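Asks: Quick check, what structure comes out for this input:
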Amino acid sequence: MLKISLIFILTFMISFSVSADQESINRGKKIYDMVCFACHGKNLEGATGFNLKDSEWVHGNKPEQILETLKKGFPDKGMIAFGTVYKEEQLKDVVNFILSKQEGLRDLKYEIYHGINSKTKMKDIKWDSQKATKSGEVKPSYVDFNIPEVDEFGMKFKGKLIIPEDGQYSISAGLRQNSHFDVLINGKSLVTKIKNRRFNGKIQLKKGEHTFEARMVKIDKYCHISLNLKKKGFDIPLSMTSFRKIRDQKHLVVAHKEPIILRKRIDGLPTKTIAVAYPEKVNYAFNPMNGSINGLWIGEFLDIAPNINGRGNQGSKPQSEYLFNGDTGIDLLIDGQSPAANFIKYSTYKGVAFTFTANGKNVVVSSSVQGQSLTLTYKTNIDGQITLKLPKGITVSSKNGSVSNGILKINKANNKEFSIVVAK
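Replies: Below is the predicted model of the structure:
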């Protein structure tokens, strides 16, 4: 049994070689370009979904882990289980394509050497045999000379550099000193001269894995260094400062011609909230846990950059103030009580609609926009008295009921279908 298991594992690993045959990569690219790019970006750079080509992987970057993620998905976060759509061999092709596009530093480790200062010449430091005062692994894999807690030190980073495409790359750095700094790729020093605290170098690199090293003796009090590797179509951050510059850029989601639905963690809203944006810049949030409309804002939709770069640990940011938001909002009540809700699905076919059950009865909530007013239409087969509890800060009207003391009471004759208009 053990022998069979080992054979299976070896076969599995071989089938997932990073140097997968080009035909598999091409097949994976076709699937990616059809279904994955919308969430993860045309070049895997991240959009509503995470960046898929850097060193940070929330659910694991091993081939079998990526395959499992594709198979099972994360439906509560908007990623479907692709194992129900594609065969395993097809998903392996997608994994091979993703692995073929990896770039940047991996397995980066640092060593700190105390007792070295600005009087020490770089050429006199035995970087390969010097005894480190402290060492460790860097996560995420970006060069960061601010790790030490002392003012004078020497420091080295060493790891692997993954190059996504053959060609001549330029490497550039901005730092706060004009000496005592070097970068080596495949053992070749690239820093020949630092002028005005900057240097630029060029190197021809083949696609694949290379050795990387960055060395510095601290001279200036501050150690922030921007370090980038560039080629047409590629800008690979190698230092934490460079990574933060890219990370801090906004990534706005905008509804252009049609409304869009987004399942992302959003500041000020409960987890699992589903957000809707209309081209008219009317945006609202639906809570699948209880069927309520629990957020409304007028203006630009969301900046999802914090969510992408925070790997889901930070919320996307609405680009204007909420008219209302929170755990409650426009809440559906049956006979004065909050019903037990069970979310079924959402749809964008012929408009946005959410389907759920309330006390076992089907409810469909669809929406439309006129100017900056949101119309919500409820279709139900509920028998009891339907009321809607309303939040402060908005005006709600309905031809199918009357509002009193923050409660909209629906005429029983309109139980099967009724609409409300929500405005500022």
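
Asks: Near the residue nearest to H224 when sequence neighbours are not counted, how many other residues are there?
Replies: Once flanking residues are discounted, H224 sits nearest to T241: 5.0 Å by CB to CB, 6 or more residues apart in numbering. For every residue, glycine as well, the C-beta is placed using N, CA and C. When neighbours are counted by other CB atoms under 10 Å, T241 registers 22.

Asks: try M289
Replies: Other residues close to M289 by other CB under 10 Å number 16.

Asks: Roughly how far does the nearest residue in space to it that is not next to it in sequence sit from F286?
Replies: Counting by CB to CB, 6+ apart, the nearest residue to M289 once its immediate chain neighbours are dropped is K272, at 6.1 Å. Distance check for K272 against F286: by CB to CB, to the nearest Å, it reads 10 Å.

Asks: Tell me which of those two has more neighbours.
Replies: Remark: of K272 and F286, F286 carries more neighbours, 27 against 14, as counted by other CB under 10 Å.

Asks: From the contact counts, what lies against the longest strand seen in the chain?
Replies: The single longest strand within the chain, with elements called by DSSP state E, is strand 322-334. Helices and strands touching strand 322-334, by 3 or more CB pairs under 8 Å, 6 or more residues apart in numbering; DSSP states H and E, are strand 282-287, strand 292-298, strand 386-389.

Asks: circling back to that earlier point, could you pull up phi and psi at the residue nearest to H224?
Replies: The phi/psi pair for T241 (degrees, to the nearest 10) reads phi -60, psi -40.

Asks: now do N228
Replies: Torsion angles, degrees, to the nearest 10, at N228: phi -130, psi 150.

Asks: Tell me, how many residues neighbour it?
Replies: 21.

Asks: bridging residues for it?
Replies: S172, P237 (DSSP bridges).

Asks: That one reaches V183, doesn't it?
Replies: No - counting by CB atoms under 8 Å, N228 sits too far from V183 to count as a contact (11.1 Å).

Asks: Residues that sit against both of those two, list them.
Replies: 171, 173 (CB atoms under 8 Å, 6 or more residues apart in numbering).

Asks: So which residues of the stretch 151-300 of the chain form strands?
Replies: Assigned by DSSP state E, counting those that start in this stretch, the stretch 151-300 of the chain shows strands spanning 154-163, 167-174, 181-185, 188-189, 198-205, 208-217, 226-231, 234-237, 252-253, 260-262, 274-277, 282-287, 292-298.

Asks: Run through the chain and note the low-pLDDT ranges.
Replies: Regions of the chain meeting the criterion pLDDT under 70 cover residues 1-20, 248, 308-313.

Asks: I'd like the strands of the stretch 151-300 of the chain written out as CSV, with distance to G329 added.
Replies: Output for the strands of the stretch 151-300 of the chain, formatted as CSV (distance: least, CB to CB, whole Å):
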stretch, distance to G329
strand 154-163, 46
strand 167-174, 47
strand 181-185, 53
strand 188-189, 60
strand 198-205, 52
strand 208-217, 51
strand 226-231, 44
strand 234-237, 40
strand 252-253, 21
strand 260-262, 17
strand 274-277, 13
strand 282-287, 7
strand 292-298, 4
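
Asks: And those strands: which comes nearest G371?
Replies: strand 282-287 (8.5 Å; CB to CB).

Asks: can you list the residues that contact that closest one?
Replies: 266, 269-270, 272-277, 292-299, 301-302, 318, 325, 327, 329, 346, 354, 365, 367, 369, 372-374.

Asks: Whichever of these end up buried, select them in PyMOL.
Replies: Burial among these is assessed by 16 or more other CB atoms under 10 Å; the matching PyMOL selection reads:
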select buried, resi 266+269+270+273+274+275+276+277+292+293+294+295+296+297+298+301+302+318+325+329+346+354+365+367+369+373+374
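
Asks: and L99, backbone torsions?
Replies: phi -70, psi -30.

Asks: My error: substitute T69 in the last question.
Replies: phi -60, psi -40.

Asks: for it, what are its contacts?
Replies: Going by CB under 8 Å, 6+ apart, the list of residues near T69 reads 59-60.

Asks: Just the residues contacting stretch 330-344, thanks.
Replies: Here stretch 330-344 has contacts from 288-294, 354-360, 363, 376, 378, 382, 384-391, 396, 420, 422, using CB under 8 Å, 6+ apart.
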